[in-house]
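K.L.:
Give the three-dimensional model of this entry:
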Amino acid sequence: MRLVTHLIAVNREIRLKRQLADIERVVLALPVRAHADLQQLVRREMEQAAACDFPHLYGTPPEERYSTYGHGPDVGLGKARSENPLIATRGVALWIASVYHETLDSRRPGMEDLHRQILRLMRQIKELSTPDKRDAADAWMEPHAVA
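P.N.:
The predicted structure is shown next:
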């Protein structure tokens, strides 16, 4: 039984790592003005997930609450792949919140590494949403820069 449990856990790690690569591509492809909205949505989704009885199952339909893993990452990834930036932003936020809570207290080295990557992605979103970073390319056009 341990072997089966181990294989299920390894499969989940691989799946979430592949999804993380897709989510990172979506974050970088979002319009510049969407990064600040994404940061706020991630914060809100994290708070809502933390308020749930089982935060690691956040985004999972109620009838599926007894499953091994939640469906939040799959739902979030599906929305993140949308052509609509608003839906994609909401999907990214859902994915981050659900995977963050799923990997939070994991004792598996692969899941701990994935949790660190989620934290890095959240920091990257924060950095992309700051006005200084967003407008750095336009700053050279400012009158005070021509001195």
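K.L.:
How about the secondary structure of Arg107?
P.N.:
coil (DSSP: H, G, I helix; E, B strand; the rest coil).
K.L.:
so Leu16 makes contact with His115?
P.N.:
No. Assessed by CB atoms under 8 Å, Leu16 is found out of contact with His115, at 10.1 Å. Heads up, the C-betas are built off the backbone N, CA and C, glycines and all.
K.L.:
tell me, what's touching the two both at once?
P.N.:
Shared contacts of Leu16 and His115 (CB atoms under 8 Å, 6 or more residues apart in numbering): Thr103.
K.L.:
Which one's more surrounded, these two?
P.N.:
Using other CB atoms under 10 Å as the criterion, Leu16 and His115 rank with Leu16 on top: 23 against 18.
K.L.:
how near is the more buried one to Met46?
P.N.:
17 Å (CB to CB, to the nearest Å).
K.L.:
now Tyr58
P.N.:
From Tyr58 to Met46 the distance is 9 Å (CB to CB).
K.L.:
intersection of neighbour lists for these two?
P.N.:
Ala97.
K.L.:
these two touch, right, Gln117 and Leu20?
P.N.:
Yes. Taking contacts as CB under 8 Å, Gln117 lies within contact range of Leu20: 6.0 Å.
K.L.:
hmm, back to that, among Tyr58 and Met46, which residue is more densely surrounded?
P.N.:
Comparing Tyr58 with Met46 by neighbour count (other CB under 10 Å), the higher total belongs to Tyr58, at 26 against 19.
K.L.:
Buried residues, the lengthiest helix in the chain. List them.
P.N.:
Longest helix in the chain by number of residues, with DSSP state H as the criterion: helix 2-29. Across helix 2-29, burial judged by 16 or more other CB atoms under 10 Å covers 9, 12-13, 16, 19-20, 23, 26-27.
K.L.:
Could you do stretch 83-91 as well?
P.N.:
85, 88-91.
K.L.:
Repeat that for stretch 115-129.
P.N.:
115, 117-118, 121-122, 125-126, 128-129.
K.L.:
Keep only those of these that are in strands.
P.N.:
Among the buried residues of stretch 115-129, no member is found in strands (DSSP state E).
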